[in-house]
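K.L.:
Structure, please.
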Amino acid sequence: MNRPIRRVALVAMLMTFALLANVCVNYLARGDSLNAHAQNRRVTDAAFAQDRGAIMVGNTAIAETVAAKDQFQFQRHYPQGELYAPVTGYFSYLFGSSELEQSYGSQLSGNDDSQFVNRLIDLATGAKPKGASIQTTLNAKAQQAAAKALGNKKGAVVALNPKTGAILAMVSSPSFDPNDLATHKLDDSTAAWKKLTGDSKNRPMANRATREIFPPGSTFKVIVSAAALEAGYEPDSELDTSSFRLPGSTVTINTTCGDRQTLRRSLALSCNSAFARLGVKLGANALREQAEKFGFGTKPLSDIGSVASRFPDQLDEAQTGLASIGGFDVAATPLQMAMVSAAVRNDGIVMQPYLVESVRSADLQVLSQTRPSQLRLATSSANAAKLRQMMVDVVANGTGWRARVSGVTVGGKTGTANSDNVRTPYAWFTAWAEDPDVAVCAFVQDAEMEATDVAGGRVAAPIAKAVIEALR
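P.N.:
From the prediction side, this is the model:
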């Protein structure tokens, strides 16, 4: 009789140990993945029942939590939804979160390790937990000016402080209203999601400023000019600007610049033949190295998602010539081209771009503070000064004249990218200014006009000008 009882007891003990081991494994090894699982509604319900912190521009909340008369008690609200959507992202019961709402989700919800002491205090005092607030680097005037100047055109605008890397404006158009996804009326939220994700033509949820790359056209000539200066050329070095047949190809790049121009004047006039010929002489490796010094090949922005700009590998001479005028497979984000101008303004130093200035607890205690940091040196201080002179000439006496701002020194470079002769050309303008100290890139993906009328100087330069004027 004792033997069967012992056997049953042994089996029961083994099953108990197995159950305990499974619980421990799930808690220790699978806890994070189970909490993050899309079907774990208990976690989602708990997140929506929290007093989530605000996302701020100056003293104004661009994402905040308000009282709600439903099971969650709190509702996420975006007072200027479309204007700041590329930065705030959305916070949705059904579709999760994006941008700052996602990358700073633990701080906003109050669950970050840095808020552990605050949670203990709230537990001891019986106070309702509150999430931390996020102070962004954005400038409201610059953001509004960029959005107004871009209007309903597809494109993006990015403005930076060249000396710190702080992002002053980030606009992507068309945009969307995060309130439509944040609503607790789940049928409405689902309908909004289907409408937004189903709009394949306009793609309003695409962040064209940081997450997509496009042929940069002649704005890439700033990088080629930097490579030339590094190789010993001077702004007054003469270039052959006559028509240029790409080596080993039947393609000829015609000229509108005559037969000879200086490097400075070739940039001001945006001579394709001159820069294609110059790029072939410098070589693909030199151009690639220079592009990487400015940040190509890296994902520069960690606060929200960003993609790497690209200079292709293994180019032949004909492809190198096309790449030198921002064609072939060269592609960049508007953020990257703003960083190029910022580095020229900042004595050749590329700063780490950032969107979040600080994170503060509900009692305004600083939990984290972003310190400006240097990414790399793109070019020497002396060559950066020469590039500034050349870019000033582009605005003063060249294709960028529509970016002139009275009483302000502005340097820039126009770009028009028409890689397939089918789509509407892309219009670019990258620039920097002194007092206000800012670097700007304006990119227009669809100018909504005849292709022959599209030019970076005509379409994009006035947008950059509006941002500069807003910061005066």
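
K.L.:
ranges for the strands of the stretch 51-200 of the chain?
P.N.:
Assigned by DSSP state E, counting those that start in this stretch, the stretch 51-200 of the chain shows strands spanning 55-57, 60-67, 74-77, 91-92, 96-97, 133-136, 154-160, 167-173.

K.L.:
So for R402, which of these sits nearest?
P.N.:
Closest to R402 of the strands of the stretch 51-200 of the chain, according to C-beta to C-beta: strand 154-160, at 15.4 Å. Bear in mind the C-beta positions are built from the backbone N, C-alpha and C, glycine included.

K.L.:
Quick check: mean pLDDT of the closest one?
P.N.:
Summarised as a single mean, pLDDT over strand 154-160 is 98.

K.L.:
who does it touch, helix- and strand-wise?
P.N.:
On a contact count with 3 or more C-beta pairs under 8 Å, 6 or more residues apart in numbering; DSSP states H and E, strand 154-160 meets helix 140-150, strand 167-173, helix 334-345, strand 438-446, helix 461-470.

K.L.:
could you check the angle strand 438-446 makes with that strand?
P.N.:
With axes from the mean of the first three to the mean of the last three C-alpha atoms, to 10 degrees defining the directions, strand 154-160 sits at 170 degrees from strand 438-446.

K.L.:
Restrict strand 154-160 to CA atoms and write it as PDB.
P.N.:
What follows is strand 154-160, C-alpha atoms only, in PDB (Å, rounded to 0.1, in the frame of the first residue of the first chain):
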ATOM      1  CA  LYS A 154       4.500  66.000 -51.100                       C
ATOM      2  CA  GLY A 155       7.900  66.400 -49.500                       C
ATOM      3  CA  ALA A 156       9.700  67.200 -46.300                       C
ATOM      4  CA  VAL A 157      11.600  70.000 -44.500                       C
ATOM      5  CA  VAL A 158      14.300  69.600 -41.800                       C
ATOM      6  CA  ALA A 159      16.000  72.400 -39.900                       C
ATOM      7  CA  LEU A 160      19.000  72.000 -37.600                       C
END
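
K.L.:
so what strands line up beside that strand?
P.N.:
Applying DSSP bridges, strand 154-160 is found paired with strand 167-173 (antiparallel), strand 438-446 (antiparallel).

K.L.:
Adding distance to E234 and mean neighbour count, write the strands of the stretch 51-200 of the chain out as JSON lines.
P.N.:
As requested, the strands of the stretch 51-200 of the chain are exported to JSON lines (distance: least, C-beta to C-beta, whole Å; neighbours: other C-beta atoms under 10 Å):
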{"stretch": "strand 55-57", "distance to E234": "44", "mean neighbour count": "22"}
{"stretch": "strand 60-67", "distance to E234": "47", "mean neighbour count": "18"}
{"stretch": "strand 74-77", "distance to E234": "56", "mean neighbour count": "20"}
{"stretch": "strand 91-92", "distance to E234": "54", "mean neighbour count": "26"}
{"stretch": "strand 96-97", "distance to E234": "52", "mean neighbour count": "19"}
{"stretch": "strand 133-136", "distance to E234": "42", "mean neighbour count": "24"}
{"stretch": "strand 154-160", "distance to E234": "28", "mean neighbour count": "29"}
{"stretch": "strand 167-173", "distance to E234": "33", "mean neighbour count": "28"}
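
K.L.:
JSON lines for the ones you listed, including distance to R388?
P.N.:
Listed next are the strands of the stretch 51-200 of the chain as JSON lines, based on distance: least, C-beta to C-beta, whole Å:
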{"stretch": "strand 55-57", "distance to R388": "30"}
{"stretch": "strand 60-67", "distance to R388": "34"}
{"stretch": "strand 74-77", "distance to R388": "44"}
{"stretch": "strand 91-92", "distance to R388": "42"}
{"stretch": "strand 96-97", "distance to R388": "41"}
{"stretch": "strand 133-136", "distance to R388": "29"}
{"stretch": "strand 154-160", "distance to R388": "16"}
{"stretch": "strand 167-173", "distance to R388": "20"}
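
K.L.:
quick one, which of those strands is nearest to A464?
P.N.:
Here strand 154-160 is closest among the strands of the stretch 51-200 of the chain (C-beta to C-beta), at 7.8 Å.

K.L.:
got the end-to-end distance for stretch 65-74?
P.N.:
Stretch 65-74 has an end-to-end distance of 6 Å (C-alpha to C-alpha, to the nearest Å).

K.L.:
Start at 188, not 1
P.N.:
That works, and once the first residue is 188, the last one we named lands at stretch 252-261.

K.L.:
list the buried ones in stretch 322-335?
P.N.:
By neighbour count on 16 or more other C-beta atoms under 10 Å, the buried set for stretch 322-335 is 322-334.

K.L.:
So for V592, which of the strands paired with strand 341-347 sits nearest?
P.N.:
strand 625-633 (10.8 Å).

K.L.:
Kindly export that closest one (C-alpha atoms) in CSV.
P.N.:
Backbone C-alpha positions of strand 625-633 (Å, rounded to 0.1, in the frame of the first residue of the first chain) are rendered in CSV as follows:
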residue,chain,number,x,y,z
VAL,A,625,20.4,77.3,-38.8
ALA,A,626,20.8,74.6,-41.5
VAL,A,627,17.8,73.7,-43.6
CYS,A,628,16.9,71.2,-46.3
ALA,A,629,13.7,71.6,-48.2
PHE,A,630,12.6,68.6,-50.4
VAL,A,631,9.6,68.6,-52.7
GLN,A,632,8.7,65.2,-54.1
ASP,A,633,5.8,66.4,-56.2
